[in-house]
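1. I'd like to go over a predicted model; first the sequence, then the structure.
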Amino acid sequence: MKQYNPQALIPLVEKMIKDGQLHRTLYTYMPVDLLDERVRPVFEECKLWFSSPAYFNDPFDCKIYPKVPSDEELAKYLALNAENATPQDYNMILEGIKKCGDLTKRAIDDIMNKSGVKCFTPNNANILMWSHYTNSHKGICLEFNTLADPEFFVYPINVVYSESYPELEFTDKRFTTEVLRTKSKVWEYEDEVRIYKRESGYHTFNPNSLKSVTFGCNTPDDKQSQIIEMIRRNKDLDHVQFYKCVPHPNQFKLIIQSI
C-alpha cells in the first residue's frame, strides 16, 4: 500500500476544506455500552473502529450494482455498432456481458466485505443522531480536527442522498465510489461524511486531532466518569475538552454545555 507523508497531505486537505469537499471539524457518534471492547481502544490507544459496509444497518446501503443491459438494449447497440455481427456473435457477446455483470457484482460484494468505513458528520447536536447512534442519548460524540491528521481523513466520501439508485453501467469505473457515496434520501438528516479504509477493523488516529468529547443527556454518570478518567490517564489526550448535552427548556433542540 502506498505510504503518504502526512505533512505533504496538509496542503491537499487545506484545499479540500477551502473547496467544501471536507469539513475542518467532523464528529462521530458512539454508544458506550461496550466500554472495554469499543470505547477503551479509542482513548487508551487512539484507535477508531472502521466497520465493514456489509454490516451496515440499512439493507440498501452499499448494495447498488451496475446495470447490465437487457437483450433488447444490447440488440439495439449491436445494430448500431456491429452491423456485420452474426446471430452467433450476438449470443456470444450477450453471454459475455452477462458474465461480466455477475463478476462485477461479486467484486463489489467482495470489496464491501473487506473494506472499512467510519461515518462522520459536521453536526454534533442532531437529536436523531444522538437517538440512533448513541443508544437513546446514552453515548458520546467525538470531535475531530481533520487538518491535524490529514493521513487519516484523506480521502473523504461525502454521501449523496437520492430517491433512486444511480444509473451506472458495469463498465463505469466510478461504481465503487458511487456504491459508497449513495444512500436513500430518508437518511439525509445525517449529512454523512465517510472515511474509507481498505480493511475493516481498528485504525490509529493522531491524538492531537481529537478535540473534545460530548456526553449525551442520558449518559449514565458512572460511564461518564469512567471515560473522563480514561482520557485523563492518557497524557497524549490532556488537551481534550468535555461537554454535556442538555435538553432545551422550551425548544426541540440540544444545548451543549462545557463540563
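-> That came in fine, so what should we check first?

2. OK, contacts around E72?
-> Listed by C-beta atoms under 8 Å, 6 or more residues apart in numbering, E72 has no contact partners. C-betas here are computed from N, CA, C, even on glycine.

3. hang on, I meant T219
-> V32, T134, H137, K138, G139, I140, K244.

4. For the protein, give me the ranges with low pLDDT.
-> Residue ranges of the chain with pLDDT under 70: 1-7, 66-71, 73-104, 107, 168-173.

5. go again using 90 as the cut-off
-> Scanning the chain with the threshold set as pLDDT under 90 gives 1-22, 34-38, 53-115, 150-151, 154-156, 164-180, 198.

6. so where do the helices sit in it?
-> With DSSP state H as the criterion, the chain has helices at 6-18, 40-44, 71-81, 87-114, 127-133, 150-153, 175-181, 221-233.

7. Show me what counts as buried in the first one.
-> Right, helix 6-18. In terms of neighbour count (16 or more other C-beta atoms under 10 Å), helix 6-18 has its buried residues at L9, V13, M16.

8. now for that helix, which elements pack on it?
-> Helices and strands touching helix 6-18, as assessed by 3 or more C-beta pairs under 8 Å, 6 or more residues apart in numbering; DSSP states H and E, comprise helix 150-153.

9. How about the last one?
-> Helix 221-233 is packed against helix 40-44, strand 210-215, with contacts defined by 3+ C-beta pairs under 8 Å, 6+ apart.

10. Are there helices or strands packed against the longest one, and which ones?
-> In terms of contact count using 3+ C-beta pairs under 8 Å, 6+ apart, strand 210-215 is assigned the packing partners strand 140-145, helix 221-233, strand 241-247.

11. among these, which is the most enclosed?
-> strand 140-145 (a mean of 22; mean count of other C-beta atoms under 10 Å).

12. The helices and strands packed on helix 221-233 into CSV, with extra columns for mean neighbour count and distance to E190?
-> Below are the helices and strands packed on helix 221-233 laid out as CSV (neighbours: other C-beta atoms under 10 Å; distance: least, C-beta to C-beta, whole Å):
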stretch, mean neighbour count, distance to E190
helix 40-44, 18, 21
strand 210-215, 22, 17
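
13. would you list those in TSV and tack on distance to F144?
-> Shown next, in TSV, are the helices and strands packed on helix 221-233 (distance: least, C-beta to C-beta, whole Å):
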stretch	distance to F144
helix 40-44	11
strand 210-215	6
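
14. Skipping adjacent residues, who's closest to the residue most central in space within the chain in space?
-> Geometric centre of the chain, nearest residue: R194, 2.6 Å, by C-alpha atoms, centre = their mean. Using C-beta to C-beta, 6 or more residues apart in numbering and skipping residues adjacent in sequence, the residue nearest R194 is I157, 4.3 Å away.
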